[in-house]
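Student: Fold the following, please.
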Amino acid sequence: DQAEAELHAIAAEKQSHDTRCSELSRLQSFRDRVTQFEAATLGLVEAEAAAGKSKRELEHCRSGLEQARLGLERQERTHRELLERLRGLGDMRLERQQLQSSYKERQSLELLRCEIQNSRQAIQAQFASNTRCAGRLEEYALEAARLELEWHRGQAVVLAAQLEHEQPCPVCGSRSHPAPARSELEIPSDEERRQAASRVNDAREEMAAADAETARLEAALQGLRDRETVLRSEIAAGDSPSLADLQMRIDILSQRIESLEQEQETEQEYAEPIASESEALKLRERALAQAATARGEAGSAREGARNP
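Tutor: Take a look at the predicted model:
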């Protein structure tokens, strides 16, 4: 009986020992899980801290990216406005060319009118010269006629001086000479008559040259008037402002064109940087999207860690 009691006691002690060993094993397993949990909790805290930092960095990147996007939009808007202004540059150049052409036409018309006025004055002066030539011709012709008349009268006096009593007259044959010709005037010489005739011929030639010059001037004046008519008809087809107005419009357009040409050079300098900034912004946007995706995946992993 005593031995059986001892066996029971040993069996009971063994069972108690096995129970304690099982409990110890369970406790060790629990301790390992606690250790793992503490490590996971520490990792989770670190991950959340890193996630917060990543979130702040991501927000900062988004803010910087938004500022860059707004700056780029302003640059692009300014660039579009510049291109819109430059779009009218070709029309302005064409308008200036047309105005310069109109200015030259108006200037030619003004010069032509001056030539017409000068031509009229030349014709008036030529008319005065013709009048003087005609006066000289008349004067010389009268003088030559007077000399011829006096010469012929003188010839009668010469013949009368040669008459003899009862001798026949060489002109009429009469032997009676009741009233022979007499004159106290000096008979013109042949040289005087020749010079007078030469002056008449010279005056006639001068008069003929003056008439020819008058005809030439009148023909030239008619040609100028014809050109004026053509020019006036061409100008009348459009605007007919004064030369001063045309010059003012040309100057204003030239200033605007010069300003736009300077802006055109600026546009060429800005176009390439804007394109580069736009491409860089796209790359930053893609990188930010990838970072946001990675952050979302990390958040999902943390949630999984909290709820195993």
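Student: the helices in this protein, which residues?
Tutor: Applying DSSP state H to the chain gives helices spanning 2-87, 89-161, 190-236, 243-306.
Student: What's the separation between P170 and A156?
Tutor: Counting by C-beta to C-beta, to the nearest Å, the gap from P170 to A156 is 11 Å. Where you see a C-beta, it was placed from the backbone N, CA and C, and this is true even at glycine.
Student: out of these two, which sits in the busier spot?
Tutor: A156 (14 against 9; other C-beta atoms under 10 Å).
Student: can you list the helices of the chain in JSON lines and add mean pLDDT?
Tutor: Listed next are the helices of the chain as JSON lines, based on pLDDT from 0 to 100:
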{"stretch": "helix 2-87", "mean pLDDT": "69"}
{"stretch": "helix 89-161", "mean pLDDT": "89"}
{"stretch": "helix 190-236", "mean pLDDT": "91"}
{"stretch": "helix 243-306", "mean pLDDT": "68"}
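Student: Pull out the buried positions in stretch 191-199.
Tutor: Buried residues in stretch 191-199, defined by neighbour count with 16 or more other C-beta atoms under 10 Å: 192, 195-196, 199.
Student: Could I get these in CSV, plus columns for distance to L89?
Tutor: Formatted as CSV, these follow (distance: C-beta to C-beta, whole Å):
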residue, distance to L89
E192, 85
Q195, 80
A196, 80
R199, 75
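Student: Nearest to N130, out of those: which one, please.
Tutor: Closest approach between the buried residues of stretch 191-199 and N130, by C-beta to C-beta: R199, at 17.8 Å.
Student: Once you drop chain neighbours, what's closest to the closest one?
Tutor: Nearest non-adjacent residue to R199, counting by C-beta to C-beta, 6 or more residues apart in numbering: Y140, 4.4 Å away.
Student: Next one: that neighbour from N201, what distance?
Tutor: Distance of Y140 to N201, computed by C-beta to C-beta: 9 Å.
Student: More neighbours: these two, which one.
Tutor: The neighbour comparison of Y140 against N201 (other C-beta under 10 Å) goes to Y140, with 20 against 13.
Student: correct me, but the more buried one touches A196?
Tutor: Yes. The pair Y140 / A196 is scored as a contact, 6.9 Å apart, by C-beta atoms under 8 Å.
Student: of the buried residues of stretch 191-199, closest to R225?
Tutor: R199 (38.3 Å).
Student: dump the residue contacts of that closest one.
Tutor: Counting by C-beta atoms under 8 Å, 6 or more residues apart in numbering, R199 makes contact with 140, 143-144.
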